[in-house]
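S.K.: Quick one, what's the 3D model for this:
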Amino acid sequence: MTIDRIVMAFAGPVILASVALSQVHSAYWLIVTAVAGANLLQAAFTRFCPLALVLKKAGSRPGAAFE
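M.R.: Numbers count the residues shown, from 1 in each chain. Predicted coordinates:
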């Protein structure tokens, strides 16, 4: 699995979990959703993603987006 796919596979559950937690506990969990979405958007333009850097150092195979 490439870094690109790992980042998307990580972001999806984080967003879904934070939306679910906002319904059960507090609307402040939507801040996590906003941060994850903003990070995905800025990564699309700048090619900078903190998780991608960690995965690259851990030895994951780079994909087209995060080389």
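
S.K.: Determine which residue lies closest to the centroid of this structure.
M.R.: residue 11 (3.5 Å; Cα atoms, centre = their mean).

S.K.: and residue 61, what are its phi and psi?
M.R.: phi -80, psi 130 (degrees, to the nearest 10).

S.K.: Could you give the bridge partners of it?
M.R.: residue 2 (DSSP bridges).

S.K.: who's in contact with the residue nearest to the centre of the chain?
M.R.: Listed by Cβ atoms under 8 Å, 6 or more residues apart in numbering, the contact partners of residue 11 are 36, 39, 40. In this view, the C-beta of every residue, glycine as well, is placed from N, C-alpha and C.

S.K.: Return the member of those nearest to residue 22.
M.R.: residue 36 (12.7 Å; Cβ to Cβ).

S.K.: before we move on, back to that, could you dump the contacts of residue 11 into JSON lines and include pLDDT and distance to residue 66?
M.R.: Formatted as JSON lines, the contacts of residue 11 follow (pLDDT from 0 to 100; distance: Cβ to Cβ, whole Å):
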{"residue": "36", "pLDDT": "95", "distance to residue 66": "16"}
{"residue": "39", "pLDDT": "94", "distance to residue 66": "13"}
{"residue": "40", "pLDDT": "92", "distance to residue 66": "12"}
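
S.K.: Spell out the secondary structure type for the residue nearest to the centre of the chain.
M.R.: helix (DSSP: H, G, I helix; E, B strand; the rest coil).

S.K.: And it, how close does it get to residue 52?
M.R.: 11 Å (Cβ to Cβ, to the nearest Å).

S.K.: The protein: strands as residue ranges?
M.R.: For the chain, no strands turn up when DSSP state E is the criterion.
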